[in-house]
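Participant: Task: produce atomic coordinates for the following.
(2 chains)
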Amino acid sequence: MAAIETREKVAALGEKYKYGFVTDIEMERAPKGLNEQTVAYVSAKKSEPEWMFEWRLGAFRRWVQMREPNWARVHYPKIDYQNAYYYAAPKNTPKKQSLDEVDPKLLETYKKLGIPLHEQMALAGVAVDAVFDSVSVATTFKERLNEAGVIFCPISEAIRDYPDLVKKYLGTVVPVTDNFFATLNSAVFSDGTFVYVPKGVRCPMELSTYFRINASETGQFERTLIIADEGSYVSYLEGCTAPKRDENQLHAAVVELIALDNAEIKYSTVQNWYPGDENGLGGIYNFVTKRGDCRGRNSKISWTQVETGSAITWKYPSCILRGDDSVGEFYSIAIANNYQQADTGTKMIHLGKNTRSRIVSKGISAGKAQNTYRGLVSVHPHAEKARNYTQCDSLLIGGECGAHTVPYIESKNRSARVEHEATTSKIAEDQLFYCTQRGILPEEAVALIVNGFCKEVLQQLPMEFAVEAQKLVGISLEGSVG
Amino acid sequence: MLEIKDLHVSVGGKEILKGLSLNIGAGKVHAIMGPNGSGKSTLSYVLAGRDGYDVTNGSVLYNGEDLTVLPPEERAAKGVFLAMQYPVEIPGVTTLTFLKTALNAQRRARGEKEIDAMGVLRLVREKAKILNVSEEMLKRALNVGFSGGEKKRLEILQMALFEPKLAILDETDSGLDIDALKLVAEGVNTLRAPNRAMLVITHYQRLLDYIVPDRVHVLAGGRIIAEGGKELAHELEAKGYAHIVKDAA
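Facilitator: Below is the predicted model:
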């Protein structure tokens, strides 16, 4: 009785994706389809130097020979890559000197998304780069970062203004030929974020980028490159939302992180792309390649992700532990509800001596969703005394969803120690009853229990993000009890 | 306050309660005693509204209102509290967070103002003293790694915090040593009030030495088979359930 009522209540609330609005703004697009002209169009729009265009073209020529991977536990109709736009930008945006020049409609959108671009950011101490479809719209807090010598700008700007840095590092972690989606991104990436933290500098604030897909039938291909020079530290956050549309939209991003000697990069993601409706219609296809290279001695890269959105998530933020004594971490919460499919995990590649990695993955499945953890811990012959600890916990809500764990472990060094622990549990009826008996509504009880389950990972997020993420966990599971 | 008439309850198609009737007035403490499998816990769950306990016949009126049509959280907001025999663990959710969430959920349902974290902490500290619930316990995940005594003390702490009108204590004495039992009973006794009814469910008379009931009912085979004053508990203890069950048959 109670269960049915809950289901009705939740149904009455309707689709709850609160970021599902569309901003009505005039767009400039590349012609539909993907060919060398498209690549040239994107490159020209960005006023790129010749070397960058050649780089893209090389990627494109490689891509046409590649095949879409099919090893992940995700199912979707064949994507027609010729039936999409590869570049869309709000008209009249480029070359903004200050926020006052940005289209007020865009600023309104960011307000709706809860991103305070103005003074609020000063209070929060966060610098934001906002990518709307294909272009970076506004970057705040440039000055304070400039004083510290930190470069934080759209990658299109970095290609023009810091070509040596870009040339030196771009594609060195995720090579142009890495995989189908990364190669596609290399050919047509439109914008993204570039960060360089100079030697010995502790970045004075959290850096943040908000990605928003607005235009229909448009793929988004952003590219992020973060370099932490010797002895530096940076914490970077990204957030993602998209409007509700019945069609599926492709998002194929590439993120490269490079940490030199004694440097540390903390990278946090709250991914809330539109997941599709409760019948599985629409939603973002999220095919993302994220990789960090602990290139220097005693360096550290830490990934934290909260994945609640997207119809399909295909994402394995990884660490190459090249420098001796380097540390890689992966903290993940992946929530799949309704018809969402998530295939996500990490790779920890131990190359250097005394390298250590830690993986904590929390997968939550509800509705008819399928949630897979896929991970690789690889210890190479020279990785003396490498250590890995992996913990994979799955939580099931209801009887129609699935949780899968696919851990690969390869150790080629006898002194290495690799530990793997995995659990699968259900939200027990007695837990729910206990909560409701104390007056807590069933949906609220699920959110409470799931937040408890994810606590270890939520604690890794910067404070102001953690609160949002907790709420998001509750929202994305609405309708899952009954 | 509570009027149960000819209550029949099935669990998984099997009838457990077979025509139970019981009245409890405000300010009274009633005890239900009975052997294992007599339907004691079923009674507590059906009053609290747990899924899977189907009322097939009879009625339960709470302040004149049909209780059986309400979901558990609405019953809780209206003042029905069940101190459970086996309090569940919720990993990762600190006890204080749970208490705050529950208290405010009830207040919200009643249209009262919510209380902020500091306010809740102040309230909890005040109630925690009598029950010897430490600050450290409040910071731990709900019931995770708690001893039997700690779990039961926390149940009574919640009772003190939520100030229910009808409190059902299901085998609150089970798993407690004598010191813990005294502590819990003392906590319960301070909560006796003219506007509050209590239903104490227990297998043993021991608890009733400390929480002295106004009435004692003996439950066996899904029915009340004997009733009396507090002395009935002692008689049961001396002669055993078999004796009374046989007499009633």
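
Participant: Quick one: name the residues of chain A near chain B.
Facilitator: Counting by C-beta under 8 Å from any C-beta of the partner chain, chain A comes close to chain B at A:1-3, A:5-6, A:428-431, A:433-442, A:444, A:448-449, A:451-456. Where C-beta positions appear, they are placed from N, C-alpha and C, glycine not excepted.

Participant: all helices of chain B, in order?
Facilitator: B:40-48, B:72-77, B:95-109, B:117-131, B:135-139, B:148-162, B:178-190, B:206-210, B:231-239, B:241-248 (DSSP state H).

Participant: quick check: angle from the third one to helix B:117-131?
Facilitator: What that stands for is helix B:95-109. Inter-element angle recorded for helix B:95-109 and helix B:117-131: 110 degrees (by axes from the mean of the first three to the mean of the last three C-alpha atoms, to 10 degrees).

Participant: Count the neighbours of the residue lying closest to B:Thr56 once chain neighbours are set aside for me.
Facilitator: In space, and not counting its chain neighbours, B:Thr56 is closest to B:His8: 4.7 Å by C-beta to C-beta, 6 or more residues apart in numbering or on different chains. B:His8 has 16 neighbours, counted by other C-beta atoms under 10 Å in any protein chain shown.

Participant: Now the element after whichever strand or helix holds A:Val446, going C-ward?
Facilitator: Secondary structure assignment for A:Val446, by DSSP states H and E: helix A:442-453. Following helix A:442-453 in sequence order, the next helix or strand is helix A:455-458 (DSSP H and E).

Participant: ok, whichever residue of chain A sits closest to chain B to B:Ala160 distance?
Facilitator: The nearest approach of chain A to chain B comes at A:Gly452, 2.9 Å away (C-beta to the nearest C-beta). In this structure, A:Gly452 and B:Ala160 are 24 Å apart, going by C-beta to C-beta, to the nearest Å.

Participant: A:Asp325: how many residues sit nearby?
Facilitator: 18.

Participant: these two touch, right, it and A:Cys294?
Facilitator: No. Assessed by C-beta atoms under 8 Å, A:Asp325 is found out of contact with A:Cys294, at 9.3 Å.

Participant: mind listing what the residue of chain B found nearest chain A touches?
Facilitator: Proximity of chain B to chain A (C-beta to the nearest C-beta) peaks at B:Gly92, 2.9 Å away. Applying C-beta atoms under 8 Å, 6 or more residues apart in numbering or on different chains to B:Gly92 gives the contacts A:451-456, B:141.

Participant: can you check B:Leu7 too?
Facilitator: B:17, B:19-21, B:46, B:55, B:57-60.

Participant: Kindly report the same for A:Glu444.
Facilitator: With C-beta under 8 Å, 6+ apart, A:Glu444 has these contacts: A:435, A:474, B:101, B:105.

Participant: top of these by neighbour count?
Facilitator: Counting neighbours by other C-beta under 10 Å, A:Cys435 leads these with 28 neighbours.

Participant: Surely that residue is in a helix?
Facilitator: Yes. A:Cys435: assigned to a helix according to DSSP: H, G, I helix; E, B strand; the rest coil.

Participant: Identify the spatial nearest neighbour of it, chain neighbours not counted.
Facilitator: Nearest to A:Cys435 is A:Ala445, by C-beta to C-beta, 6+ apart, at 3.6 Å.

Participant: same question, B:Asp214
Facilitator: Leaving out its chain neighbours, B:Asp214 is closest to B:Lys28 (C-beta to C-beta, 6+ apart), at 4.7 Å.

Participant: Could you report the neighbour count for that neighbour?
Facilitator: A count of neighbours around B:Lys28, defined by other C-beta under 10 Å, yields 18.

Participant: With the one 4 residues further on instead?
Facilitator: Here the number of neighbours of B:Ile32 (other C-beta under 10 Å) works out to 25.

Participant: Please tell me how far it sits from A:Glu50.
Facilitator: Distance from B:Ile32 to A:Glu50, by C-beta to C-beta: 87 Å.

Participant: Write a ChimeraX command that selects only the buried members of the residues of chain A next to chain B.
Facilitator: The buried residues among the residues of chain A next to chain B can be selected in ChimeraX (16 or more other C-beta atoms under 10 Å in any protein chain shown) with this line:
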select /A:2,6,431,433,434,435,436,437,438,439,440,441,442,444,448,449,451,452,453,454,455
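
Participant: now the helices: where do they sit in chain A?
Facilitator: Secondary structure of chain A (DSSP H): helices at A:2-13, A:36-45, A:50-63, A:104-112, A:119-124, A:142-148, A:155-161, A:163-169, A:180-188, A:429-437, A:442-453, A:455-458, A:463-476.

Participant: Could you check these and tell me which one is nearest A:His75?
Facilitator: In terms of C-beta to C-beta, the element of the helices of chain A nearest to A:His75 is helix A:180-188, at 16.7 Å.

Participant: Report all helices and strands that that closest one contacts.
Facilitator: With contacts taken as 3 or more C-beta pairs under 8 Å, 6 or more residues apart in numbering or on different chains; DSSP states H and E, helix A:180-188 sits against helix A:36-45, helix A:50-63, strand A:254-259, strand A:283-294.

Participant: Please identify the most buried of these.
Facilitator: Stretch with highest mean neighbour count among the helices and strands packed on helix A:180-188: strand A:254-259 (a mean of 28; mean count of other C-beta atoms under 10 Å in any protein chain shown).

Participant: hmm, who's touching that one?
Facilitator: A:169-174, A:182, A:185-186, A:189, A:223-228, A:265, A:267, A:288-296, A:299-301, A:317, A:326.

Participant: same question, stretch A:392-401
Facilitator: So stretch A:392-401 is contacted by A:336, A:359, A:361-371, A:373, A:375, A:402-403, A:405, A:407, A:420-427, A:446, A:450, A:453, A:477, A:480-481 (C-beta under 8 Å, 6+ apart).

Participant: Are any of those residues buried, and if so which?
Facilitator: Neighbour counting over those (16+ other C-beta under 10 Å) leaves A:336, A:359, A:361-371, A:373, A:375, A:403, A:405, A:407, A:427, A:446, A:450, A:453, A:477, A:480-481 as the buried ones.

Participant: what about the residue nearest to A:Cys435, neighbour count?
Facilitator: A:Ala445 has 24 nearby residues by other C-beta under 10 Å.

Participant: residues in contact with it?
Facilitator: Neighbours of A:Ala445 in contact, by C-beta under 8 Å, 6+ apart: A:431-432, A:435-436, A:481.

Participant: just the residues you listed now: which is nearest A:Cys153?
Facilitator: A:Val481 (45.1 Å).

Participant: partners of the residue most central in space within chain A in the sheet?
Facilitator: The structure's chain A has its C-alpha centroid closest to A:Thr269; by C-alpha atoms, centre = their mean the separation is 5.1 Å. Going by DSSP bridges, A:Thr269 is paired in beta bridges with A:Glu238, A:Gln305.
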